[in-house]
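Trainee: sharing a model that was predicted from the sequence below.
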Amino acid sequence: MPFRPFFPGPVACLIPVIFLAATGAAHAQALPAGVRLGMTAAELQAVLPTLERVPRPQRLAGGLAGAWHGAPGLVSGLPLETTWYFGGAQLKRVEFSANIQDRADLGADAFNEIVAWGRGAFGPELASRDSGSEIASWVDGGMDVYVQRVGDTHRASVRLVYKARVLKDGAEL
C-alpha cells in the first residue's frame, strides 16, 4: 500500500507528508506526484500552490537555499516541517525535519518508522551511528535519500532528506 499524504483541511492532496498509518505499518511517500528534483521554483509552485516563501532562507553548502516551506506532516505523531532547497534555480533538496527535545523517545519511533519505510521502498540501507546520531541512507537513481536522528537531549531532531545525487571524479577529491 503506498504511503499517502495527510493534512488537515482542503490542501490534503496538495502537500507532501509522511505519517503513521492507523495499522502501525510504515508506508512510503516518494516526492509528491509531479515533483522532481531539478524543477524550477515556478514549476514547483504550479504543482504545490500552497507553499510559502521563506523570509530568510537557510543556506547550505554548495549554494543551496531553503527558499520554500510547506505545512508539517506526521511520523509516529511527530510533526515534520518541509523545506524545499534550490541551487542554480533548480530544486536540489527536500527536507522533512523536527526538533524533538520534548519527546521521551527523542524521535526513536519516528526514525525507526522511516527506516522501515526506506527498506521497503529502496531495500537494505547503509547505516551509521556515532555517539550522537543515527543515519540510514539509500540511493534511488539520481537521488540520495537519508534519515537522521540526533538523540542528544539538547539538540534532538529527526530529518528525512531527498537530495540530488552528486558524483565526483576521484581525481577531484
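Mentor: Great, that's in hand. Numbers count the residues shown, from 1 in each chain.

Trainee: which element is the spatially closest residue to Thr82 that is not a sequence neighbour on?
Mentor: Nearest residue to Thr82, sequence neighbours excluded (Cβ to Cβ, 6 or more residues apart in numbering): Gly70, at 4.1 Å. In this view, the C-beta of every residue, glycine as well, is placed from N, C-alpha and C. For Gly70, the element it lies in under DSSP states H and E is strand 64-75.

Trainee: so what strands line up beside that strand?
Mentor: Here strand 64-75 is paired, per DSSP bridges, with strand 52-60 (antiparallel), strand 78-87 (antiparallel).

Trainee: just those: most buried one?
Mentor: strand 78-87 (a mean of 20; mean count of other Cβ atoms under 10 Å).

Trainee: dump the C-alpha coordinates for that strand into PDB.
Mentor: In PDB, the C-alpha atoms belonging to strand 78-87 read as follows (Å, rounded to 0.1, in the frame of the first residue of the first chain):
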ATOM      1  CA  LEU A  78       6.000  13.700  15.300                       C
ATOM      2  CA  PRO A  79       5.300  16.900  13.200                       C
ATOM      3  CA  LEU A  80       7.900  17.200  10.400                       C
ATOM      4  CA  GLU A  81       8.300  20.600   8.700                       C
ATOM      5  CA  THR A  82       9.000  20.500   5.000                       C
ATOM      6  CA  THR A  83      11.700  22.800   3.400                       C
ATOM      7  CA  TRP A  84      12.400  22.900  -0.300                       C
ATOM      8  CA  TYR A  85      16.000  23.900  -1.300                       C
ATOM      9  CA  PHE A  86      17.100  25.400  -4.500                       C
ATOM     10  CA  GLY A  87      20.500  25.800  -6.100                       C
END
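
Trainee: now do the strand holding Gly70, average pLDDT.
Mentor: The average of the pLDDT scores along strand 64-75 is 85.

Trainee: which one's the longest helix in this protein?
Mentor: Determined from DSSP state H, the single longest helix within the chain is helix 108-122.

Trainee: following element in sequence after that helix, please.
Mentor: strand 126-129.

Trainee: got the contact list for the helix or strand harbouring Gln45?
Mentor: Under the criterion of DSSP H and E, Gln45 resides in helix 41-47. For helix 41-47, contacts defined as Cβ atoms under 8 Å, 6 or more residues apart in numbering pick out Pro32, Ala33, Gly34, Val35, Met39, Leu51, Ala67, Trp68, Trp84, Phe86, Ala89, Leu91.
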